[in-house]
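In: Any chance you can model this:
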Amino acid sequence: MLRYVMPMVIGLVYVGLNSVVPEPHRRRLNALVVTGAGAAYLSGGGFGLWELAFCALLVAVGYAGLTSYTFIGVGWLLHTVWDVLHHRRGTPIIPSLHDSSFGCALCDPVIALWCFAGGPSVTEVYHRLTRRAPDAGRPVTAGS
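Out: I've put the predicted structure just below:
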């Protein structure tokens, strides 16, 4: 069970830690992090020169992410695919931890979803969830 839950918890911790970084620095930092994630498998060489091509792809996506959380989210989803391919091939992100790419493939979509939501801080999410709609307390009547 922890094999599935802990990677998602790590993704949530990543999101929480990002909350202390103010905008626009938060978006820029995440663009850099997703770009660096593209190089995570370079030393393992599981896919040969394709590792370099993937790294170059995430550099382009990360550059676009400097101004768009959507591109950062796309980058994390691309990295998820790369994680799955590496897990299936048996070339994990951390060679001594067989399931590390599997865990990364569960963590990355959590971060991607947060990016697709605009990279809000934890307090912004709290306020969005607890804010009542303007007409939430008014009963619905005929003709209104």
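In: so how far is Arg89 from the spatially most central residue of the chain?
Out: Nearest to the mean C-alpha position of the chain, by Cα atoms, centre = their mean, lies Ile111 at 2.5 Å. Distance, Ile111 to Arg89, using Cβ to Cβ, to the nearest Å: 23 Å. C-betas here are computed from N, CA, C, even on glycine.
In: pull the helix or strand with minimum mean pLDDT from this structure.
Out: One helix or strand of the chain scores below all others by mean pLDDT, DSSP states H and E: helix 122-130, with a mean of 89.
In: Can you dump the C-alpha atoms of that one in PDB for me?
Out: Output of helix 122-130 as PDB, limited to C-alpha atoms (Å, rounded to 0.1, in the frame of the first residue of the first chain):
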ATOM      1  CA  VAL A 122      -1.900  25.800   0.000                       C
ATOM      2  CA  THR A 123      -3.600  28.900   1.500                       C
ATOM      3  CA  GLU A 124      -5.100  29.800  -1.900                       C
ATOM      4  CA  VAL A 125      -6.500  26.300  -2.300                       C
ATOM      5  CA  TYR A 126      -7.900  26.500   1.300                       C
ATOM      6  CA  HIS A 127      -9.600  29.800   0.500                       C
ATOM      7  CA  ARG A 128     -11.000  28.400  -2.800                       C
ATOM      8  CA  LEU A 129     -12.500  25.400  -1.000                       C
ATOM      9  CA  THR A 130     -13.900  27.300   1.900                       C
END
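In: sorry, back to before: secondary structure class for the residue nearest to the centre of the chain?
Out: Secondary structure, DSSP: H, G, I helix; E, B strand; the rest coil: Ile111 is helix.
In: tell me the contacts of His127?
Out: The contact partners of His127, taken as Cβ atoms under 8 Å, 6 or more residues apart in numbering, number zero.
In: picking up where we left off before, flag every buried residue along the least confident helix or strand of the chain.
Out: The neighbour-count check on helix 122-130 (16 or more other Cβ atoms under 10 Å) flags nothing as buried.
In: what's the burial count for Leu52?
Out: The local packing of Leu52 (other Cβ atoms under 10 Å) involves 14 other residues.
In: With Tyr14 instead?
Out: 16.
In: I'd say it and Leu113 touch.
Out: No - the criterion here is Cβ atoms under 8 Å, and Tyr14 misses it with Leu113 at 11.9 Å.
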